[in-house]
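1. quick one, structure for this:
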Amino acid sequence: MQNTALRVYVGIIVVLFAGSLFLADWSALSGVSTEVWAGVLSLIILGLISESLSLTVKVGGNSGSSSITF
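-> Numbers count the residues shown, from 1 in each chain. Model (predicted):
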């Protein structure tokens, strides 16, 4: 894929995401209990820790990372 096409695609996705932030019903989050927020925070922390423990794999001239812990 050409670099320009990729930039256009990512730009469109970012614009759609930003637009969806304005359309979301943020007032519905006020009814969520403390236990749910604690669970969401725990999952976010678990994900961040798992990504910090990711493995780097090199195949030929390419490399990538994979989080097998999460």
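2. can I assume L16 sits in a helix?
-> Yes. According to DSSP: H, G, I helix; E, B strand; the rest coil, L16 belongs to a helix.
3. quick one: pLDDT of T69?
-> pLDDT for T69: 59.
4. make residue 1 into 49 and carry on from there
-> Noted, 49 is the first residue going forward, which turns the last one into T117.
5. can you show me the strands along this structure?
-> 103-107, 110-114 (DSSP state E).
6. any idea which of the ones you listed has the lowest pLDDT on average?
-> Across these, strand 110-114 gives the lowest mean pLDDT, at a mean of 72.
7. neighbours around G95, how many?
-> Neighbour count of G95, defined by other CB atoms under 10 Å: 13. C-beta: built from backbone N, CA, C; applies to glycine.
8. in TSV, list the strands of the chain along with distance to V80 and mean neighbour count.
-> Below are the strands of the chain laid out as TSV (distance: least, CB to CB, whole Å; neighbours: other CB atoms under 10 Å):
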stretch	distance to V80	mean neighbour count
strand 103-107	35	9
strand 110-114	32	9
